[in-house]
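>>> Sequence first, then the predicted structure:
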Amino acid sequence: MSDEPAAPSARAMPTSARVSVGVLAALAALLLLSSLLTALAWDAVVDAIVDAQTDPDRAEAATVVRLNLVQSVVFGLLTAVSAVFLARRRSWARWTGLVAAGLLGLITLGATLLTGGIAVTSMLVLVLCAAAVTSLLARTTAAWAQGGARSRSAG
């Protein structure tokens, strides 16, 4: 046993890592809740898309809804897994969260630019993705996550 205090990375989760975990969890909750609501109101969502089209095609609208649903579930699960395992100091979870939040942000931004308008939920997703990427790239988050990998392999 050593009388030296533990290194900061071994003690408590730094603020940047807490923000990362919280934002990833918020993204997961938002995406999975949105997926659940879309699945429960499937016909109403498809009908809304059909009504908004100039040349209505129900099959095409259903495909769009299905793709959006799959995207929300996949990114929701990725961010949930990343949040859970980052809190357990798994360095791979930091990278998984970074890729998921970065890709989701780019997809959302691209869709926003293509449609020419921004919904409140899209704006929220963009802000959460930016916060996730920023906090996951923070040196303190990286050092803390890497410290967990070293301490597990050493012990």
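Looks like it arrived, so ask away. Numbering: from 1, shown residues only.
>>> alpha carbons only for contacts and neighbour counts from here, please
OK.
>>> which regions of this protein sit below the pLDDT cut-off?
1-11, 149-155 (pLDDT under 70).
>>> Number of residues surrounding Ala138?
13 (other CA atoms under 10 Å).
>>> ditto for the one 4 residues further on
Residues within reach of Ala142, counting by other CA under 10 Å, total 19.
>>> helix, strand or coil for it?
helix (DSSP: H, G, I helix; E, B strand; the rest coil).
>>> Now do the contacts for the nearest residue to it once chain neighbours are set aside.
Of all residues not flanking Ala142 in the chain, Leu136 sits nearest, at 7.1 Å (CA to CA, 6 or more residues apart in numbering). Contact analysis of Leu136 by CA atoms under 8 Å, 6 or more residues apart in numbering lists 16-17, 20, 94, 97-98, 142.
>>> Okay, and which of the residues you listed map to helices?
16-17, 20, 94, 97-98, 142 (DSSP state H).
>>> Could I get the residues you listed in JSON lines, plus columns for distance to Asp47?
Formatted as JSON lines, the ones in helices among the contacts of Leu136 follow (distance: CA to CA, whole Å):
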{"residue": "Ser16", "distance to Asp47": "42"}
{"residue": "Ala17", "distance to Asp47": "42"}
{"residue": "Ser20", "distance to Asp47": "37"}
{"residue": "Arg94", "distance to Asp47": "39"}
{"residue": "Gly97", "distance to Asp47": "34"}
{"residue": "Leu98", "distance to Asp47": "35"}
{"residue": "Ala142", "distance to Asp47": "46"}
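>>> List just the nearest of those to Ala44.
Nearest to Ala44 among the ones in helices among the contacts of Leu136, counting by CA to CA, is Gly97 at 32.1 Å.
>>> Not counting residues beside it along the chain, what's closest to that closest one?
Gly97 sits nearest to Ser82 (CA to CA, 6+ apart), 5.2 Å away.
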